[in-house]
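Asks: attaching a predicted model along with its sequence, questions to come.
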Amino acid sequence: MTAKVECLQGDIANQPDIDAVVNAANALLRPGGGVAGALHRAAGPELDRACRTLAPIQPGEAVITEAFNLPNRHVIHCLGPVHGRDTPEAKLLADCYRNALELAERQGLASIAFPALSAGAFGYPLAEAARVALTTVQETLPRCPGIERVRFVLFDAGSAKLFQDTLDSLDQTL
């Protein structure tokens with residue numbers, strides 16, 4: 001069975017049909033703005049406490065916690081590269097997606113939802129972030145047979161369309 005990959009506009013903190021959501025984390029796994037802030041607010045203070053024992057993490061690394069008050073079983077925290085600072089950028093960004101998928105597979109999770117890692121405050125150009133993300137997911141899924149669904153949850157309609165168009169163009173080249 002091939003996993004379903006989907007792209008949609010939505011709230012990463014409200015994905016009740018997904019086993020794990022991915023946090024666009026900072027190195028210390030602390031609450032912040034954007035995705036990290038939204039997930040920490042929705043999960044409650046227990047998420048911050050659980051993260052403290054796992055920090056710090058390096059760019060490309062993924063760690064997992066319970067989801068607490070989120071409607072999911074787990075949160076996978078990934079530290080994406082800061083564009084223009086962390087190199088090699090594309091490899092580190094791909095490592096985030098690969099490591100998150102492999103961690104989900106090891107945990108027996110069937111579905112995972114990603115934001116556009118590094119494309120917010122970390123400054124990664126969205127089109128390039130989409131290409132790296134979707135290519136890496138498609139390359140990694142054959143090694144993760146337990147994963148049935150990968151969802152990209154984008155904050156706005158334009159980002160969701162860009163991710164969907166990128167996915168469609170990759171599907172045509174396979």
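Replies: Everything's here; your move.

Asks: and Leu154, backbone torsions?
Replies: Main-chain torsions, Leu154, degrees, to the nearest 10: phi -110, psi 150.

Asks: got a list of what it touches?
Replies: Contact partners of Leu154, counting by CB atoms under 8 Å, 6 or more residues apart in numbering, are Cys7, Leu8, Gln9, Gly10, Pro115, Ala116, Ala160, Phe163. Where C-beta positions appear, they are placed from N, C-alpha and C, glycine not excepted.

Asks: distance of it from Asn72?
Replies: 18 Å (CB to CB, to the nearest Å).

Asks: hang on, the earlier thing: nearest to His83 among the contacts of Leu154?
Replies: Ala116 (12.3 Å; CB to CB).

Asks: just give the closest residue to that closest one, not the sequence neighbours.
Replies: Ala129 (5.4 Å; CB to CB, 6 or more residues apart in numbering).

Asks: residues contacting the helix or strand where the one you found lies, please?
Replies: Per DSSP states H and E, Ala129 falls inside helix 126-140. Contact with helix 126-140 is made by 5, 90, 93-94, 97-98, 101-102, 114, 116-119, 150, 152, 159, 162-163, 166-167, 170, 174, as judged by CB under 8 Å, 6+ apart.

Asks: in it, what counts as buried?
Replies: Buried positions in helix 126-140, judged by neighbour count with 16 or more other CB atoms under 10 Å: 126, 128-138, 140.
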